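Q: Starting from these lines, generate the structure:
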Amino acid sequence: MHQRRDQFLSDRKNQYINFLLCIHLLSGIHAYSTDLIYPFSASKEVAKFITDSQLQNNLIIGSQDNEVSPIAALLKQPIYYFESSKYGSFINWNQRKILTFKQWLLLK
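A: Down below sits the predicted model:
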């Protein structure tokens with residue numbers, strides 16, 4: 001019984017692998033097309049709003065530096081990161097401070 005099952009599986013191993021690869025290919029095409037249609041984040045819109053409103057020369061303070069760093073890159077200027085208490089255009093993970101819940105509430 002086991003021998004027939006093992007033979008059946010080994011005979012169709014390439015078919016199973018090809019089937020799985022086709023599913024992965026179709027999933028990848030779907031994910032890529034969805035990424036083209038729907039933006040991954042609102043960073044471009046925020047940078048465009050800041051530029052259109054001519055606010056890019058004002059002091060920009062960002063919290064949640066991992067969410068603000070794309071905006072700094074799109075504006076091509078540093079932003080003051082609250083978590084690291086520094087200006088920057090990318091995150092320096094070694095200089096971050098962890099916000100307490102009270103500090104986080106004050107930011108909201």
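Q: any idea which helix is longest in the protein?
A: Of all the segments of type helix in the chain, defined by DSSP state H, the longest one is helix 13-37.
Q: if you average pLDDT over it, what comes out?
A: Mean pLDDT, computed over helix 13-37, is 92.
Q: next one: it to chain centre, how far?
A: 21 Å (CA atoms, centre = their mean, to the nearest Å).
Q: Could you identify the helix or strand that succeeds the strand or helix carrying V46?
A: Using DSSP states H and E, V46 sits in helix 43-52. For helix 43-52, the following helix or strand on the C-terminal side (DSSP H and E) is strand 61-62.
Q: List the neighbouring strands of that next one plus their orientation.
A: Here strand 61-62 is paired, per DSSP bridges, with strand 79-81 (parallel).
Q: helices and strands around the longest helix of the chain, which ones?
A: Using 3 or more CB pairs under 8 Å, 6 or more residues apart in numbering; DSSP states H and E as the contact test, no helix or strand touches helix 13-37. Glycine gets a C-beta too; all of them are placed from N, C-alpha and C.
Q: Any buried residues in that helix, and which?
A: By neighbour count with 16 or more other CB atoms under 10 Å, helix 13-37 contains no buried residues.
Q: Could you check how far P70 is from Y16?
A: Distance of P70 to Y16, given as CB to CB, to the nearest Å: 41 Å.
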